[in-house]
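**Q** can't give you the sequence, but here's the structure:
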DNA sequence: ATAGGGTTAG
């Protein structure tokens, strides 16, 4: 929705800029000759006009008034009056206003002595909170220093926020230097923003260790410092560190607020730790943390991504205030669980209720269609994005379409779609296509595409894994071995698969061939036993995805040591019969484990919920919710 | 006039 007054103001401001330039050049040559305040009488007049403008701005709280005041400013010829300009920018952080003020700041015709730190700060703040314009905030700040204006305690939170948005570690470090030089290194608010800035900046290794250093050295910290650091760990994917830090925060007796709890919930989401997430939910209830829309959204997302999408939906239904993010979390959550028909229904409900869809919710919707085989529906929604909602599809939307065609087995159509789409396919799109080639037996085509991809992206290990899997399916062990050698030579390693499971408020993690667990012996005996039961029920090990060229018996042994099989055996041993089992895998589940889990769900009468890198698999009675497409 | 948070293809 566009506010009419807002539009009005925009056009006026654009006009006023041209007016002013003309005035400077022709109608008001006075400016050129006397950059200093004009003569006494004129000064008196100016002061009166100035006071009247300031008074008007003081009372201003709506766009419509702002427009009137702007007209007034123009009439009084006070466009570049520093006091008026400062008040104007402080009253409205509307970009047009800010750009307008900035043009004076940078204009060689302006008397720069008249602009003070407040004005620079206000403009820096406005740019710092606007995407794509963070660099301008730094320009304004640098200009301020060049002109020998001293920064004050408000300056650095704004500047550091801009650095965080830009994400350049070297820039951040140099600003940190200025913070110390100007003596703001002891301000808690500045330190908090330093922590946040380092958490957001990358450059070589990334800045999170610098953040931790600032954080550890803080003389006193508050909930903001802890939230910034916890949120930082979440952002870089170090969810366990985030949880550990939260525990430390409780020990230290720092009281978390709703923002802290949002980050803690995100950490649970990252780990897939449902029990931990439920504990956080009860903590929020018990400690009466204010449950605003962001916190509720984080809860909905946590439940969906930790495997309980029904709880996520119920929570969403109970929310009094919802926004587009709430809807997106539910739709995306249902999509991940293969409940595409429901996701589509929720989307339709959203549109009916008057919420305008954005590009993000369409990613969830298209992904829902893809994971549930709703190809025609997906195509219609894809067209409708542009037609009905004026949203230009991005690479993610094209990616969903490619995935949709691939899952439906239409690999050739998917390739044609990629070749004809108006934007360049990215590696993700190619990998989607390659995996589909493997899954649907288009091995030669898959090999060709992967070789090309490796030329463009030689250091991305999943490309090699894909190629290796294609050769395995071709039974070309020689080429497969060569891929492995090539990876070794480049110093690359396959990311080890690992599986997490929660039991009695503990988190257990298994890797392939894991022997570290106290129950290790029983676990392997259980794996053997389930193996025998499964074979009796007709299970055939899928040995084509095993990495090395070894004989079939050894391959089977390798498969049996996969982390998900160990985790499931562990769960069978330690939970009462009939209990639902939830596990979280860091990579995609392999063909063999997928097939084995189906058998186990039937033989042992267990519902097994597996989260893998991309989606959920609900195994029940020998079947999987993904309908074997993944 | 200052700081930290929720959704994003495989």
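**A** Ah, there it is. The structure presented is a predicted model; accordingly, all values stated were derived computationally and were not measured. Numbering: from 1, shown residues only, chains lettered A, B, ... in the order given.
**Q** pLDDT weak spots in the stretch 501-630 of chain A?
**A** Applying pLDDT under 70 to the stretch 501-630 of chain A flags the ranges A:543-556.
**Q** In it, which residue sits nearest DNA strand B?
**A** Here the stretch 501-630 of chain A gets closest to DNA strand B at one residue, residue A:614, 4.5 Å apart by CB to the nearest atom of the strand. The C-beta positions use only the backbone N, C-alpha and C, and glycine is treated the same way.
**Q** Okay, strands next: where are they in the stretch 451-600 of chain A?
**A** A:498-503, A:506-511, A:581-585 (DSSP state E, counting those that start in this stretch).
**Q** Assess the claim that the residue of the stretch 501-630 of chain A closest to DNA strand B and residue A:588 are in contact.
**A** Yes - contact criterion CB atoms under 8 Å: residue A:614 and residue A:588 qualify, at 6.4 Å.
**Q** okay, and the common contacts of those two?
**A** Both residue A:614 and residue A:588 are contacted by residue A:630, under the criterion CB atoms under 8 Å, 6 or more residues apart in numbering.
**Q** now chain A, which segments are flagged as low pLDDT?
**A** Judged by pLDDT under 70, chain A has its weakly predicted residues at A:1-44, A:61-66, A:543-556.
**Q** separation between the residue positioned nearest the centre of it and residue A:273?
**A** Central residue of chain A (CA atoms, centre = their mean): residue A:235, 7.7 Å from the mean position. Relative to residue A:273, residue A:235 is positioned 18 Å away (criterion: CB to CB, to the nearest Å).
**Q** so which helix or strand takes in the residue in chain A positioned nearest to DNA strand B?
**A** Ranked by CB to the nearest atom of the strand, the top residue of chain A for proximity to DNA strand B is residue A:399, at 1.9 Å. Element membership of residue A:399 [criterion: DSSP states H and E] is helix A:395-407.
**Q** I'd like to know which elements that helix is packed against.
**A** In terms of contacts (3 or more CB pairs under 8 Å, 6 or more residues apart in numbering; DSSP states H and E), helix A:395-407 is packed against helix A:359-371, helix A:375-389, helix A:411-420, helix A:427-439.
**Q** just those: most buried one?
**A** Highest mean neighbour count among these (mean count of other CB atoms under 10 Å): helix A:359-371, with a mean of 25.
**Q** That one and DNA strand B in contact?
**A** Yes - contact of helix A:359-371 with DNA strand B (CB under 7 Å from any atom of the strand) involves A:359-361, A:363-364, A:367, A:370-371.
**Q** which residues does the spatially closest residue to residue A:530 that is not a sequence neighbour contact?
**A** Distance criterion CB to CB, 6 or more residues apart in numbering; nearest residue to residue A:530, sequence neighbours excluded, is residue A:600 at 6.0 Å. Residue A:600 is in contact with A:530, A:534, A:568, A:572, A:606, A:608, A:619, counting by CB under 8 Å, 6+ apart.
**Q** try residue A:211
**A** The contact partners of residue A:211, by CB under 8 Å, 6+ apart, come to A:194-199, A:228-229, A:232.
**Q** If we check DNA strand B, which of those residues are in contact?
**A** Counting by CB under 7 Å from any atom of the strand, A:196, A:228 from those sit close to DNA strand B.
**Q** Columns neighbour count, secondary structure and distance to residue A:214 on top of the contacts of residue A:211, output as CSV?
**A** Converted to CSV, the contacts of residue A:211 look like this (neighbours: other CB atoms under 10 Å; DSSP: H, G, I helix; E, B strand; the rest coil; distance: CB to CB, whole Å):
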residue, neighbour count, secondary structure, distance to residue A:214
A:194, 30, helix, 5
A:195, 31, helix, 5
A:196, 25, helix, 10
A:197, 33, helix, 9
A:198, 28, helix, 6
A:199, 25, helix, 10
A:228, 27, helix, 10
A:229, 30, helix, 9
A:232, 25, helix, 11
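**Q** which one of the contacts of residue A:211 is nearest residue A:539?
**A** Ranked by distance to residue A:539 (CB to CB), the contacts of residue A:211 are led by residue A:232 at 45.2 Å.
**Q** That closest one reaches residue A:196, doesn't it?
**A** Yes - counting by CB under 8 Å, residue A:196 is a contact partner of residue A:232 at 7.1 Å.
**Q** hang on, the earlier thing: Throw the residues of helix A:359-371 next to DNA strand B into a markdown table and include distance to residue A:293, thanks.
**A** Listed next are those as a markdown table, based on distance: CB to CB, whole Å:
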| residue | distance to residue A:293 |
| --- | --- |
| A:359 | 20 |
| A:360 | 16 |
| A:361 | 16 |
| A:363 | 21 |
| A:364 | 18 |
| A:367 | 23 |
| A:370 | 28 |
| A:371 | 27 |
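**Q** What is the nearest of those residues to residue A:377?
**A** residue A:370 (10.2 Å).
**Q** and the residue nearest to the closest one when sequence neighbours are not counted, how far is that from residue A:369?
**A** Nearest in space to residue A:370, with sequence neighbours left out and distances taken as CB to CB, 6+ apart, is residue A:404 at 3.8 Å. According to CB to CB, residue A:404 and residue A:369 sit 6 Å apart.
**Q** can you check residue A:114 too?
**A** Residue A:114 is 59 Å from residue A:369, by CB to CB.
**Q** now do residue A:209
**A** Residue A:209 is 42 Å from residue A:369, by CB to CB.
**Q** Go through stretch A:300-318 and flag the buried ones.
**A** Of the residues in stretch A:300-318, A:300-309, A:311-313, A:315-316 count as buried by neighbour count, 16 or more other CB atoms under 10 Å.
**Q** farthest pair in those residues?
**A** For the buried residues of stretch A:300-318, the farthest-apart pair by CB to CB is A:307 and A:316; their separation is 15.9 Å.
**Q** Next, the contact list for the spatially closest residue to residue A:165 that is not a sequence neighbour, please.
**A** Leaving out its chain neighbours, the residue that sits closest to residue A:165 by CB to CB, 6+ apart is residue A:134, at 3.7 Å. By CB under 8 Å, 6+ apart, residue A:134 lies in contact with A:127-128, A:162-163, A:165-166.
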